[in-house]
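Colleague: predicted coordinates and the sequence they were generated for:
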Amino acid sequence: MPLPPALPEKEFFTMGEVERIAQVPAYTLRYWERTIGLLKPARRSSGHRRYTRRDLETILQIKDLLLRKRMTPAGARRALLERKRGLASPAGAPAALPQSAKLLREIRKDIQSLMRELK
């Protein structure tokens, strides 16, 4: 699979530009919008899609996950959500809990110990 060209230095892209850069047809982009759900391009008053640079980067990641890594759309969606949340673990190591989750567990333990003391 040939590498996509370097991204142009602009903020917004039309469907045609995204097709050329990502090297996928428009119907595939619309399918990914519908099934994966992480792409939400803005619409112009004429109804045409207006993709941001972030949308284009997401499209390239989806293409990589689906075509090169052979994931299903649901698996690609999960992988992208994990990356977005910062839970992706390197080399199969267990994902570390975010600081807020650790803090909430500590607070819960403290509350449970206080409830035992009050009984």
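Modeller: Happy to help now that I have it.
Colleague: and the residue nearest the centre of the chain, helix, strand or coil?
Modeller: Centroid-nearest residue in the chain: L80, 3.3 Å away (criterion: C-alpha atoms, centre = their mean). Taking DSSP: H, G, I helix; E, B strand; the rest coil as the rule, one finds L80 in the helix state.
Colleague: skipping adjacent residues, who's closest to it in space?
Modeller: In this structure, L80 finds its nearest non-sequential neighbour in L38, 5.7 Å apart by C-beta to C-beta, 6 or more residues apart in numbering. For glycine as for every other residue, the C-beta is placed from the backbone atoms N, C-alpha and C.
Colleague: A strand includes that neighbour, no?
Modeller: No - going by three-state DSSP, the assignment for L38 is coil, not a strand.
Colleague: state the phi and psi torsions of it.
Modeller: phi -90, psi -10 (degrees, to the nearest 10).
Colleague: report the contact partners of the residue nearest to the centre of the chain.
Modeller: I36, L38, T58, Q61, I62, L65 (C-beta atoms under 8 Å, 6 or more residues apart in numbering).
Colleague: give me the helices and strands touching the host helix or strand of the fifth one, please.
Modeller: I62 belongs to helix 53-63 when elements are defined using DSSP states H and E. Here helix 53-63 touches strand 12-13, helix 15-22, helix 26-36, helix 73-85, going by 3 or more C-beta pairs under 8 Å, 6 or more residues apart in numbering; DSSP states H and E.
Colleague: noted, bye for now.
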